[in-house]
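> what would the 3D arrangement of this be:
(2 chains)
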Protein chains: 2
Amino acid sequence: MNTNKKLETLDEKLKEIANLGHASKLMSWDREVYMPESGSKHRAESISELSGLIHQKTLALDENNLLSDLNAARKDGGLSEDEAVIVRETWREYEREAKLSEEFVRNLSQLTSEAQDVWRKARANNDFLQFGPTLEEIVDMQRKKAEYLEFETTPYDPLLDGFEPGMSTEKTEKLFSDLRDFLVPLIDKVSDQSLDITHSITGKEIRKEDQKAFNKEILEKFGYDFQAGRLDASTHPFTLGSQDVRITTRYDKSDLLSSLSFTLHEMGHGLYEQGLPDKNYGTPLAREPSLGIHESQSRLWENHIGRSQPFTKWLTRQMQENLQSVSDELTTDNLYRELNTVEPSLIRTEADEVTYNLHIIIRFELEKALIEEGLAVENLPAAWNKKYEEYLGIEVPNNKQGVLQDIHWSQGSFGYFPTYTFGNLYAAKLDATIREEIDTVDEQLSNGTFDEILSWLQDNIHKEGMRYKTEDLIENVTGEPLKTDAFKQYIEDKYRGLYDI
Amino acid sequence: MNTNKKLETLDEKLKEIANLGHASKLMSWDREVYMPESGSKHRAESISELSGLIHQKTLALDENNLLSDLNAARKDGGLSEDEAVIVRETWREYEREAKLSEEFVRNLSQLTSEAQDVWRKARANNDFLQFGPTLEEIVDMQRKKAEYLEFETTPYDPLLDGFEPGMSTEKTEKLFSDLRDFLVPLIDKVSDQSLDITHSITGKEIRKEDQKAFNKEILEKFGYDFQAGRLDASTHPFTLGSQDVRITTRYDKSDLLSSLSFTLHEMGHGLYEQGLPDKNYGTPLAREPSLGIHESQSRLWENHIGRSQPFTKWLTRQMQENLQSVSDELTTDNLYRELNTVEPSLIRTEADEVTYNLHIIIRFELEKALIEEGLAVENLPAAWNKKYEEYLGIEVPNNKQGVLQDIHWSQGSFGYFPTYTFGNLYAAKLDATIREEIDTVDEQLSNGTFDEILSWLQDNIHKEGMRYKTEDLIENVTGEPLKTDAFKQYIEDKYRGLYDI
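Presented below is the predicted three-dimensional model:
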């Protein structure tokens, strides 16, 4: 087989894996959105079966040394740029996957599928003990996974690397402690102050159907294509990718702004998915280089655009025109303050953009404690509550609003939470760069014009897929490697106008 | 490996296949119910991938002679009754599948996935030529399939056997010509008469949301479990099985009765799925012996129960109590007549229970003409229209309401339509048997009591899965093999009270 034939074979094999991945992801989407309760057992088995097959097929990428040969050809400079990216990243993923046995992959998938149900019930009953034993099993398997994947410094490294390739625990610690030192005193100061909001939209009852219609209206104005996607509701909003890009949000009848934030956030993920080159479907050229990059897109639209003053001006008009229950007394000023109220709170997904990162830092520190320092799962709720007191100055009244609030640990996602903060940091730097390169951003936002910003993101980020490693992509586009500066600057500039800080 | 170990291995392998089947069926369900248009390309690839894998895994059932050995043990009487059923039917399915190459299976799946889109567009545009070339390809592949599967008399035999194992084309021809000779003159007589209906519910505008709520209400009264199922809408109502049993219906704002008929029909399928023994999930003991048997359950609830006088009495009350727009003037008599109006019409899925079978007989005859007599696809619309004129006395005004109305040929389902009429024939005989064994059926139906009838069906049909061949199951339960007598008797008895026949 010559190199071209080998590349074709690789491409076919990658498409097979992508096809199975699509089936698996759709089943997960359906589980969150439409599956009736009693379907969970067979669903877990079916998803686990596909995990096993995907693992098998990933390992089979090197059958007859197909992938090794192509990787050698890459190193010899015998591949085009695109081909080299595909082979480099496939090899990296293959090497990782090859360290795990199929049995381990299937068992972990089965355990975490079932664990999500256990967690759901435990959370509903506000009973950590119901979830504890399952979480213990998951933590044990994460430690085993880290051992299989091998590590030099800490078992947390290979877990983190699964979501944010190239990022180390040490580097994360530095970034996070820098951020913590900036945020804790700032929040402490802000906590005593309150914004003057006279016509609040939060608390106003708006029927879910009307909220849904408004969310769809806004999505359409952003150019979100409903021939190629959907908007549904789920407890934990998320996005399903590829050509059929589905986002979900969450409705609370007295909190329109919350559904809208979720929608803009997931729309950011959705626009990224739609911007990945479909001609490379199934290959690393049609995937994100890291979850942090994916998250940077959602946070950019949700926060840097969706909570900005000029956007708020446009949004105020949209609300007045499309929502009967919104009075003319709603002003941009009021809405802007409401969208940017800083207040330490219990629930991560509802946190404002300033306190949000402390929720992440807490999870990162607790994950490390569980994985590398041997914190016992039974002591996790106490450790959780202590950190919330320490960093956010708030008391956790129960586990439902505390350690049981997130689905992710039940999904076996350890090393995943930090990518939310990486996303915030990337987003701040991308926002600053966009504003340097496009000088009419504010004017565009206040007119509800989003296409130039979207094009910029498509050209600089979306269309590249995994062409560059995350750190190189960021440095290429913004001119410097990941730091906390841009985020801190953004927060200071913005909140100086709202609070006495 | 001893026999017990072999049986365990077989069970594991069957569960793997069932898990992949679940993924594939869910993707098909989603395609009909929620998938945005642009998802169809990747969806087709993904379903095709799974078809290929299911085929591979079915063939791998005989790895190391596993299945052959078990089948030999079965013939030697070395298996329990349940084990013998599992091995007998798995062997039958394996032998069939082994005659098809994986390439053929994948190509057919890919072609028919794409063909559904082509058909959808052609139907929307009322343009047969748009679908013709694709249908030609499908017919060619059906002929090839028949050749691979081998046959003695006609290529239609192995196609029919795929849906109704044990049934021959010859036997079908006899049953159908007997039925046609009964129906054509009867319908000819009825066509000139019209029922006196003073307070029609059809044509009354009822909002889709209200119709949906009413359909759900009725389903709950039947004991349909929404913790284990859903009710959605799709152009072609259908049922997704296993523990998570989802049914769909179709809403027309001026036709409540149509949505209700679809719901009762699919509920019949759903109750059957829920009655199959879940402990045998993945094995032939948890599957229907034939599609005709599955259809007998839907038709029994839709027609023999759902259009009976005593049920109509109960339904009238339900409508008056739950639907604001239904007046007190609605009488059982009126509703009964409306539910049982016989009128030759163009669309199969909307046909009454008398004319319905002629729609099927027409499709059966045309399929045979395409598959065994060489009818050219280009001449199919003319042949279709001629038969509608001849059997139903109606002119087909366009292909949308004619040859393009059904999705099934685009799905590659040749040999499938006859199972609808088998279902009607089985249902009539089962209904007669139930009435012999439970003497208070009418009283129960007029009170909205369905549990004794459901238990009877569960005990006699559902829980058996594929334990008996279809013909044996029918003979065991009803005392005689399949004939047209019970159906003809039912029609004569019922419609003598409505029409002068």
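
> how long is stretch A:332-345 from one end to the other?
Terminal residues of stretch A:332-345 are spaced 25 Å apart (CA to CA, to the nearest Å).

> can you list contacts of it?
Applying CB atoms under 8 Å, 6 or more residues apart in numbering or on different chains, the contact partners of stretch A:332-345 are A:187, A:190-191, A:195-202, A:257, A:306-307, A:309, A:312-313, A:315-316, A:319, A:351-355, A:392-394, A:494-495, A:498-499. Quick note: C-beta positions are derived from backbone N, CA and C, even for glycine.

> ok, now stretch A:201-211?
If you take CB under 8 Å, 6+ apart as the criterion, stretch A:201-211 is touched by A:214, A:251, A:253-257, A:259, A:319, A:323-326, A:330, A:335, A:338.

> just to revisit the earlier point, give the PyMOL command for selecting the buried subset of the contacts of stretch A:332-345.
For the buried members of the contacts of stretch A:332-345, the matching PyMOL selection, counting by 16 or more other CB atoms under 10 Å in any protein chain shown, is:
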select buried, chain A and resi 187+190+191+197+201+257+306+307+309+312+313+315+316+319+351+352+353+354+355+392+494+495+499
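
> out of the contacts of stretch A:332-345, which sit inside helices?
If you go by DSSP state H, the contacts of stretch A:332-345 have A:187, A:190-191, A:257, A:309, A:312-313, A:315-316, A:319, A:392, A:494-495 in helices.

> that older thread, among the contacts of stretch A:201-211, who's most crowded?
Most neighbours among those, by other CB atoms under 10 Å in any protein chain shown: residue A:256, with 25 neighbours.

> returning to that earlier point: just the ones in helices from the contacts of stretch A:201-211, please.
Short answer: these in helices (DSSP H) are A:214, A:256-257, A:259, A:319, A:335, A:338.

> which helix or strand in chain A has the lowest average pLDDT?
One helix or strand of chain A scores below all others by mean pLDDT, DSSP states H and E: strand A:239-240, with a mean of 88.

> if we can go back for a sec, in TSV: the ones in helices among the contacts of stretch A:201-211, plus pLDDT.
Converted to TSV, the ones in helices among the contacts of stretch A:201-211 look like this (pLDDT from 0 to 100):
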residue	pLDDT
A:214	93
A:256	93
A:257	93
A:259	94
A:319	94
A:335	95
A:338	94
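
> ok, back up a step: which is the next helix or strand following the least confident helix or strand of chain A?
Next in sequence after strand A:239-240, counting helices and strands by DSSP states H and E, comes strand A:245-249.

> hmm, residue A:46 is touching residue B:16, no?
No: at 9.8 Å, residue A:46 does not count as touching residue B:16 under the criterion of CB atoms under 8 Å.

> higher neighbour count, those two?
residue A:46 (27 against 20).

> ok, now which ones touch the more buried one?
Counting by CB under 8 Å, 6+ apart, residue A:46 makes contact with A:27, B:19-20, B:22-23.

> circling back to that earlier point, hmm, the least confident helix or strand of chain A touching chain B?
No: Strand A:239-240 stays clear of chain B (CB under 8 Å from any CB of the partner chain), getting no nearer than 9.8 Å.

> list of residues touching that strand?
A:25-26, A:29, A:245-248, A:266, A:269-270, A:273.

> that one pairs with which strands?
For strand A:239-240, the paired strands and their directions (DSSP bridges) are strand A:245-249 (antiparallel).

> which residues touch the strand or helix carrying residue A:130?
Of the helices and strands defined by DSSP H and E, residue A:130 is found in helix A:128-149. Under the criterion CB under 8 Å, 6+ apart, residues A:96, A:99-101, A:104, A:107-108, A:111-112, A:114-115, A:118-119, A:121-123, A:155-159, A:161-162, A:370-371, A:377-378, A:380-381, A:399, A:403-404, A:409-410, A:412, A:414 lie in contact with helix A:128-149.

> name the residues of it that come out as buried.
For helix A:128-149, the neighbour count (16+ other CB under 10 Å) marks A:128, A:130-132, A:134-135, A:137-139, A:141-143, A:145-146, A:149 as buried.

> for stretch A:11-23, same thing?
Neighbour-count burial for stretch A:11-23 [16+ other CB under 10 Å]: A:11, A:13-23.

> again with stretch A:485-501
Buried residues in stretch A:485-501, counted by 16+ other CB under 10 Å: A:486-488, A:490-491, A:494-495, A:499, A:501.

> okay, who's weakest in these by pLDDT?
Ranked by pLDDT, the buried residues of stretch A:485-501 bottom out at residue A:501 (87).

> thought it was touching residue A:190?
Yes: taking CB under 8 Å as the definition, residue A:501 is a contact partner of residue A:190 at 6.4 Å.

> doesn't residue A:362 belong to a strand?
No: if the criterion is DSSP: H, G, I helix; E, B strand; the rest coil, then residue A:362 is helix and not within a strand.

> from residue A:402, how far off is it?
Distance, residue A:362 to residue A:402, by CB to CB, to the nearest Å: 10 Å.

> using the three-state scheme, assign residue A:333.
For residue A:333, the secondary-structure state derived from three-state DSSP is helix.

> could you report the neighbour count for it?
When neighbours are defined as other CB under 10 Å, residue A:333 has 16 of them.

> repeat for the one 3 residues further on
The burial count assigned to residue A:336 is 23, neighbours taken as other CB under 10 Å.

> the longest helix in chain A is where?
The helix that spans the most residues within chain A, counting by DSSP H, is helix A:3-33.

> report whether that one contacts chain B.
Yes: counting by CB under 8 Å from any CB, chain B has neighbours in helix A:3-33: A:15-16, A:18-20, A:22-24, A:26-27, A:30.

> what strand or helix carries the spatially most central residue of chain A?
Centroid-nearest residue in chain A, with CA atoms, centre = their mean: residue A:295, separated by 4.4 Å. Here residue A:295, judged by DSSP H and E, is contained in helix A:291-299.

> how near is the closest residue to chain B within the stretch 101-250 of chain A to residue A:232?
Closest to chain B within the stretch 101-250 of chain A is residue A:244: 2.9 Å, counting by CB to the nearest CB. Going from residue A:244 to residue A:232 by CB to CB gives 12 Å.

> neighbour-wise, which of these two wins?
Comparing residue A:244 with residue A:232 by other CB under 10 Å, the one with more neighbours is residue A:244, at 26 against 16.

> got the contact list for that one?
Taking CB under 8 Å, 6+ apart, we find residue A:244 in contact with A:228-230, B:35-36, B:38-39, B:42-43.

> take these and keep only those in helices.
Residues of the contacts of residue A:244 located in helices (DSSP H): B:42-43.

> can you lay out the contacts of residue A:244 as a markdown table showing neighbour count, distance to residue B:433 and pLDDT?
As requested, the contacts of residue A:244 are exported to a markdown table (neighbours: other CB atoms under 10 Å in any protein chain shown; distance: CB to CB, whole Å; pLDDT from 0 to 100):
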| residue | neighbour count | distance to residue B:433 | pLDDT |
| --- | --- | --- | --- |
| A:228 | 18 | 52 | 88 |
| A:229 | 24 | 51 | 91 |
| A:230 | 18 | 46 | 93 |
| B:35 | 18 | 42 | 93 |
| B:36 | 16 | 47 | 92 |
| B:38 | 19 | 50 | 88 |
| B:39 | 26 | 46 | 91 |
| B:42 | 19 | 48 | 90 |
| B:43 | 26 | 43 | 92 |
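
> and the contacts of residue A:244, which two are the farthest apart?
Maximum pairwise distance in those, criterion CB to CB, is 14.7 Å, between A:230 and B:42.

> by how many degrees do the helix holding residue A:295 and strand A:245-249 diverge?
Interaxial angle of helix A:291-299 relative to strand A:245-249 (axes from the mean of the first three to the mean of the last three CA atoms, to 10 degrees): 60 degrees.
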